[in-house]
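> got a predicted structure here, sequence first:
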Amino acid sequence: MAADGSTSVRTGHELTKQDFDRLLVWLDQDREKAAQKYEEIRIRLTKVFESRGCMTPEELADETIDRVARKLHEVVATYQGEPVLYFHGVARLVYLEYSRRPSFPYQPESNYQLEETDQRYDCLDECLLRLTPGNRELILLYYGEERRTKIDARKTIARRLGVSPNALRIRAHRIKECLGDCINNCLALKGQK
């Protein structure tokens, strides 16, 4: 989520508060029920991606929800049926894109690829050092565990920080975006040398 309150995703588009509010209204007119449906959909999508062996099921679920929210202004007038089915249709497309992505880290096949991977890790280290100690600890804890352990660890982190799991997810997403920008800038600078 950016400083202005919007959420950016890989596609370069931003999820605005208006898009998110429209999504909640589409799920249910009652804000509490809509929030509950939102969480249920997110959990179901995460389980779908997890069952397909995706390494980042929560991120893919979030990406799916973001895409639905951004497209909703075009869909809401003509879509008939349960919203959850639309989410699953979009999730299928997100999964297809994910399955075509090269996995990272990968086994380099050449010295150039090995050098590129080393540069990426060097930049990650540099960028982690630029984070505040609290953000560095949070992001390392947030992404440091595997599967069930990761879920339990994230609940523990949220309790320790006194925030909801969703607020923790948003905070980690913001930090991850900053790291991604920093790594890309660092790689661009190393490529110019």
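Perfect, I can see it now.

> nearest residue to residue 45 other than its sequence neighbours?
Among residues not flanking residue 45 along the chain, residue 61 sits closest, at 3.7 Å (Cβ to Cβ, 6 or more residues apart in numbering). C-betas here are computed from N, CA, C, even on glycine.

> number of nearby residues for the one you found?
When neighbours are defined as other Cβ atoms under 10 Å, residue 61 has 24 of them.

> helix, strand or coil for the spatially most central residue of the chain?
Nearest to the geometric centre of the chain sits residue 59, at 3.3 Å (Cα atoms, centre = their mean). What DSSP: H, G, I helix; E, B strand; the rest coil gives for residue 59 is helix.

> quick one: contacts of the helix or strand where residue 94 lies?
In this assignment (DSSP states H and E), residue 94 forms part of helix 83-100. Helix 83-100 is contacted by residues 26-27, 37, 41, 44-45, 48-49, 52, 54, 60-61, 63-65, 67-68, 71, 75, 79 when judged by Cβ atoms under 8 Å, 6 or more residues apart in numbering.

> ok, the closest residue to residue 20 other than its chain neighbours - contacts?
For residue 20, ignoring the flanking residues on the chain, the nearest one in space by Cβ to Cβ, 6+ apart is residue 69 at 5.8 Å. Listed by Cβ under 8 Å, 6+ apart, the contact set of residue 69 reads 15, 19-20, 22-23.

> give the contact list for the residue nearest to residue 45.
Neighbour list for residue 61: 42, 45-46, 48-49, 91 [criterion: Cβ under 8 Å, 6+ apart].

> in what helix or strand does the residue nearest to residue 166 when sequence neighbours are not counted lie?
Sequence neighbours aside, residue 39 is the residue nearest to residue 166 in space, at 7.6 Å (criterion: Cβ to Cβ, 6+ apart). Assigned by DSSP H and E, residue 39 falls within helix 31-51.

> one step back: and the angle from the helix holding residue 94 to helix 31-51?
Following axes from the mean of the first three to the mean of the last three Cα atoms, to 10 degrees, one obtains 30 degrees for the angle between helix 83-100 and helix 31-51.
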